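Visitor: Next input, structure requested:
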Amino acid sequence: MSMNFPNETSEYRAARNALLASEIALRRQMEAVAAPLRTLPPGGEVPEDYVFDAAGAGGGSTVIRMSELFRGGPAN
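Guide: Coordinates of the predicted model:
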């Protein structure tokens, strides 16, 4: 499906379509890289559950643990 803007030039449309094709290729490449990343086995043990200062809801400060940042939260 193509959408044209009022009074756009053919040069603009060609450039916009080329950019769109590049964006689609980029998204496909990002997914091609992300898929094997998701299948990696667990890495080495992290010796400590580090705690970081973070911005909480409403802009207040809070803390977040490293284990809460990756792959679904804390390990059981």
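Visitor: alpha carbons only for contacts and neighbour counts from here, please
Guide: Noted.
Visitor: List the residues that contact the residue nearest the centre of the chain.
Guide: The centre of the chain sits closest to residue 30, judged by CA atoms, centre = their mean, with a distance of 9.0 Å. Applying CA atoms under 8 Å, 6 or more residues apart in numbering to residue 30 gives no contacts.
Visitor: what ranges do the helices span in the protein?
Guide: For the chain, helices defined by DSSP state H occupy the ranges 10-38.
Visitor: How much space separates residue 58 from residue 69?
Guide: Note on residue 58: its distance to residue 69, by CA to CA, to the nearest Å, is 19 Å.
Visitor: more neighbours, those two?
Guide: For residue 58 versus residue 69, neighbours defined as other CA atoms under 10 Å are more numerous around residue 69 (10 against 6).
Visitor: pLDDT at the more buried one, what is it?
Guide: Residue 69 carries a pLDDT score of 85 in this model.
Visitor: Return the backbone torsion pair for it.
Guide: Main-chain torsions, residue 69, degrees, to the nearest 10: phi -90, psi -20.
Visitor: Tell me who's in contact with it.
Guide: Listed by CA under 8 Å, 6+ apart, residue 69 has no contact partners.
Visitor: before we move on, what about residue 50?
Guide: Counting by CA under 8 Å, 6+ apart, residue 50 touches 65, 66, 67.
Visitor: so the last one touches residue 49, yeah?
Guide: Right, residue 67. Yes - Residue 67 lies in contact with residue 49 (CA atoms under 8 Å); the separation is 6.2 Å.
Visitor: Between these two, tell me which one has more neighbours.
Guide: Between residue 67 and residue 49, residue 67 has the larger neighbour count (other CA under 10 Å), namely 16 against 12.
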